[in-house]
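# quick check, what structure comes out for this input:
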Amino acid sequence: MGQTLRYRIFWAILAAPASGAAVTAHGQVFPDRPLRIIVAFSTGTAADIVARQIALKLTDSLGKQVIVENRDGAAGTIGAGLAARATADGHTMLIASPSIIVSPLLIKDLPYDVNKDFSPVALMAIFPTVLVVGAQTKAGSVKELLDLAKAAPGKLNYANAGHGTASHLSAELMRKMTGINIVAVAYRATAQALNDTISGEVAMYFPNLVSALPHIKSARLKGLAVTGVKRSQAAPDIPALAETLPGYEAASWYGIVVPARTPQAVIAKLYGEIARTLQLLDIRQRFLSLGGDIVSGSPDDLGKIMRGGTEKWGALVKEIEARGR
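Numbers count the residues shown, from 1 in each chain. Modelled structure (predicted):
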C-alpha cells in the first residue's frame, strides 16, 4: 500500500467517531436505525459475497444491523433504480461494479442517471476475470491463442455470460486491441459456459477468477491471463494480459455508492468505517481467497473510476452495437 493511501485511510479512521455515529449539519444522528446494502445481482455472486462480508463488519462497528438485500434483474438496473430512489440519508447503500456504468449504455430510458443520482463512498476491491481455454487447446499462452485466431478468422468462438457482462467486454476489448475475428456465444449460466470451454465446445472464456481456479488447478482448463493491470495474488503464476497487450485492463471493481444528496458527514463516516473494515486480516484473507485485491479507495477514487469507465466502455459498446454484436 502506498504512503498516500495509508495517510488517507489513517485520517478517515480518525475522522470517524468512536461511538459509531455521525452527526450531520442538521443535527441528525447517523445511523439511527438498521441499514441495508442493495446488491443488484443474485446470491453467491462476487458482488453478493463482498456485500455480506462488509455488512457483518459494519454491523459491529456502526452498532446497527446492516442487511444485504438482493434485487437482481435487468443487468443490475432494478437494484440500482431502487437505490437511486431511496432516502438520501446513508441508510441505503448499493454495491457498485462496472455494470452500473455499462447497463445504462445498453438499456435506454432508465429511471435514473448514474452520473447524477449516486454519490461515491468507497472503492473496495478489484476482482479480475481470467482468460481460459480447454486443456486440449494447442495454445498455451495469450500469444499462441492470438496466433490461432489470426490464422482462422471467424472460426474461434468465445463464451460469455450475456451482452455487456464482464466476460463479454473482456473478450471484446481483446478483440479491439488485436484485430482478431472471434465469435460470441452467450450463456445464461457460468457453470455451463465453463463446462463447454472444458469440453472444447467453445474455444475461450473470461470467467471470474474464483470460479475458474478449481478447474485450472485440476488441469481441466488452462489459465492464460488475468485481466487486471497486474497478476493476482490468488494466482501469481498466471500472467496479466497486459504483459502481452500493454494497456489492457478489464477487471471488475466493487465499491459502495449512496443516493445523491446524502450528507457529506454521513459519506465520510461510511468511508471511514469501510476503510477500517478493509484492513482487517480476516476480510483481506477472504477477499484474497476469492481472487480479489483490496484497494480501499476514497470517494474521489471511486468517482474517477466510474467517470473513466463511462468513457472507456461507452466507446467499446458503441462499436459492438454498430457491428451488430
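
# who's in contact with the strand or helix carrying V317?
Assigned by DSSP states H and E, V317 belongs to helix 299-323. Helix 299-323 has contacts (C-beta atoms under 8 Å, 6 or more residues apart in numbering) with 96, 98, 100-102, 105-106, 114-115, 119-123, 164, 169, 172-173, 176, 253, 255-257, 267, 271, 295, 297. Using the backbone N, CA and C atoms, a C-beta is placed for each residue, glycine as well.

# make a ChimeraX selection of the buried ones in those residues.
Listed next is the ChimeraX selection for buried residues among those, using 16 or more other C-beta atoms under 10 Å:
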select :96,98,100,101,102,105,106,114,119,120,121,122,123,164,169,172,173,253,255,256,257,267,271,295,297
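
# let me see the ranges of the strands in the stretch 101-250 of the chain.
118-127, 130-134, 157-160, 183-186, 204-205, 221-226 (DSSP state E, counting those that start in this stretch).

# tell me what angle the last one forms with strand 118-127.
Spelled out, it's strand 221-226. 130 degrees (axes from the mean of the first three to the mean of the last three C-alpha atoms, to 10 degrees).

# other SSEs contacting the next helix or strand after strand 221-226?
The helix or strand immediately downstream of strand 221-226 is strand 252-259, counting by DSSP H and E. In terms of contact count using 3 or more C-beta pairs under 8 Å, 6 or more residues apart in numbering; DSSP states H and E, strand 252-259 is assigned the packing partners helix 46-62, helix 77-84, strand 92-96, strand 118-127, helix 264-277, helix 299-323.

# what helices and strands are in contact with the fourth one?
This means strand 118-127. helix 46-62, strand 92-96, strand 252-259, helix 264-277, strand 293-297, helix 299-323.

# ranking those by burial, who's on top?
Neighbour counts (mean count of other C-beta atoms under 10 Å) averaged over each of the helices and strands packed on strand 118-127 peak at strand 92-96, with a mean of 27.

# report the angle between that strand and helix 77-84.
140 degrees.

# quick one: strands adjacent to strand 92-96?
strand 35-39 (parallel), strand 252-259 (antiparallel) (DSSP bridges).

# average pLDDT for that strand?
On average, the pLDDT along strand 92-96 is 97.

# go on, stretch 235-247?
Rounded mean pLDDT across stretch 235-247 is 96.

# ok so, going back, dump the helices and strands packed on strand 118-127 to TSV, plus distance to E243.
Output for the helices and strands packed on strand 118-127, formatted as TSV (distance: least, C-beta to C-beta, whole Å):
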stretch	distance to E243
helix 46-62	24
strand 92-96	28
strand 252-259	19
helix 264-277	31
strand 293-297	17
helix 299-323	20
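
# quick one: residues contacting V130.
Counting by C-beta under 8 Å, 6+ apart, V130 makes contact with 206-209, 212, 216, 223-227, 235, 238.

# one more time with 10 Å
Counting by C-beta atoms under 10 Å, 6 or more residues apart in numbering, V130 makes contact with 167, 170, 205-213, 216, 221, 223-228, 232, 234-235, 238, 241, 291.

# low-confidence regions, this protein specifically.
1-21, 23-27, 325 (pLDDT under 70).

# now with 50?
1, 3, 5-7, 9-19 (pLDDT under 50).

# break it down into its domains, please.
3-126+252-319, 130-249 (automatic domain parsing).

# state the distance from V50 to A315.
28 Å (C-beta to C-beta, to the nearest Å).

# got it, and Y112?
Applying C-beta to C-beta to Y112 and A315 gives a distance of 22 Å.

# what does the strand or helix carrying F287 rub up against?
Per DSSP H and E, F287 falls inside helix 281-289. With C-beta under 10 Å, 6+ apart as the test, helix 281-289 has contacts from 46, 49-50, 53-54, 56-57, 124-127, 210, 213, 232-234, 254, 277-278, 280, 292-296.

# and the angle for it with strand 252-259?
Going by the same axes, to 10 degrees, helix 281-289 makes 130 degrees with strand 252-259.

# now helix 281-289, how far from the centre of its chain.
16 Å (C-alpha atoms, centre = their mean, to the nearest Å).

# same thing with stretch 191-198?
22 Å.

# ok, now stretch 103-117?
18 Å.

# give me the buried positions along it.
Those would be S103, P104, L105, L106, L110, Y112, V114, D117, for stretch 103-117 by 16+ other C-beta under 10 Å.

# nearest residue to the first one in space, please, no chain neighbours.
Nearest in space to S103, with sequence neighbours left out and distances taken as C-beta to C-beta, 6 or more residues apart in numbering, is A75 at 4.4 Å.

# tell me the contacts of that neighbour?
A40, F41, S99, V102, S103, P104, L106, I107, G162, H163, G164, T165.

# so it, which state does it fall into?
helix (DSSP: H, G, I helix; E, B strand; the rest coil).
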